[in-house]
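S.K.: Return a 3D structure for these sequence lines:
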Amino acid sequence: MNTIHLTKEDFLEKVADYETSPTEWKYLGDKPAIIDFYADWCGPCKSIAPVLEELAAEYKDKMYVYKVNTEEEQELAGAFGIRSIPSLLFVPMEGAPQMAHGAMPKASFKEIIKKVLLLNN
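M.R.: Sure, this is the predicted structure:
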């Protein structure tokens, strides 16, 4: 498995400490990331899970693919205003993250990765 499951504590340490800086986004990671907010019972979430695994393997040296279970991490999901799943947060090294909602084909993920996350690669 190449995707990385995050708890709230992991998120605060590896992604952003939104409790200390609630109004300012400061990414803590050393590579860009996709964060998949999902639930085990969600059909569209299940449909993109293999795609995210493939992307995590394909881009393993260039970015992270994180997963946040919204059922287990309700406070974290609430902090990001997650109202529908899957919700995907694309986190570049510089600038604000971008949110997308719903299942997407692999080609759409790759396009966003190219345009938002790996601008120089």
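S.K.: Of all residues in the protein, which one is nearest the centre?
M.R.: Most central in the chain under CA atoms, centre = their mean is Ile35, positioned 0.8 Å from the mean C-alpha point.
S.K.: part of a strand, is it?
M.R.: Yes: according to DSSP: H, G, I helix; E, B strand; the rest coil, Ile35 belongs to a strand.
S.K.: unless I'm mixing things up, it is touching Leu88, no?
M.R.: Yes: the criterion here is CB atoms under 8 Å, and Ile35 meets it with Leu88 at 7.0 Å. The way it works is simple: take the backbone N, C-alpha and C, and place the C-beta from them, glycine included.
S.K.: Count the residues that sit near Glu111.
M.R.: 12 (other CB atoms under 10 Å).
S.K.: all strands of this protein, in order?
M.R.: Here the chain has its strands, by DSSP state E, at 4-5, 33-38, 64-69, 87-91, 98-101.
S.K.: In JSON lines, list these along with mean pLDDT and distance to Lys110.
M.R.: Listed next are the strands of the chain as JSON lines, based on pLDDT from 0 to 100; distance: least, CB to CB, whole Å:
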{"stretch": "strand 4-5", "mean pLDDT": "94", "distance to Lys110": "20"}
{"stretch": "strand 33-38", "mean pLDDT": "97", "distance to Lys110": "11"}
{"stretch": "strand 64-69", "mean pLDDT": "97", "distance to Lys110": "13"}
{"stretch": "strand 87-91", "mean pLDDT": "96", "distance to Lys110": "12"}
{"stretch": "strand 98-101", "mean pLDDT": "94", "distance to Lys110": "13"}
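S.K.: Can you tell me which of these is packed in deepest?
M.R.: Per residue and on average, the most neighbours among the strands of the chain fall to strand 33-38, with a mean of 24 (mean count of other CB atoms under 10 Å).
S.K.: The residue nearest to Trp25 when sequence neighbours are not counted and Lys26: what is the separation?
M.R.: Using CB to CB, 6 or more residues apart in numbering and skipping residues adjacent in sequence, the residue nearest Trp25 is Ala96, 5.7 Å away. Plainly put, Ala96 is 11 Å away from Lys26 if you go by CB to CB, to the nearest Å.
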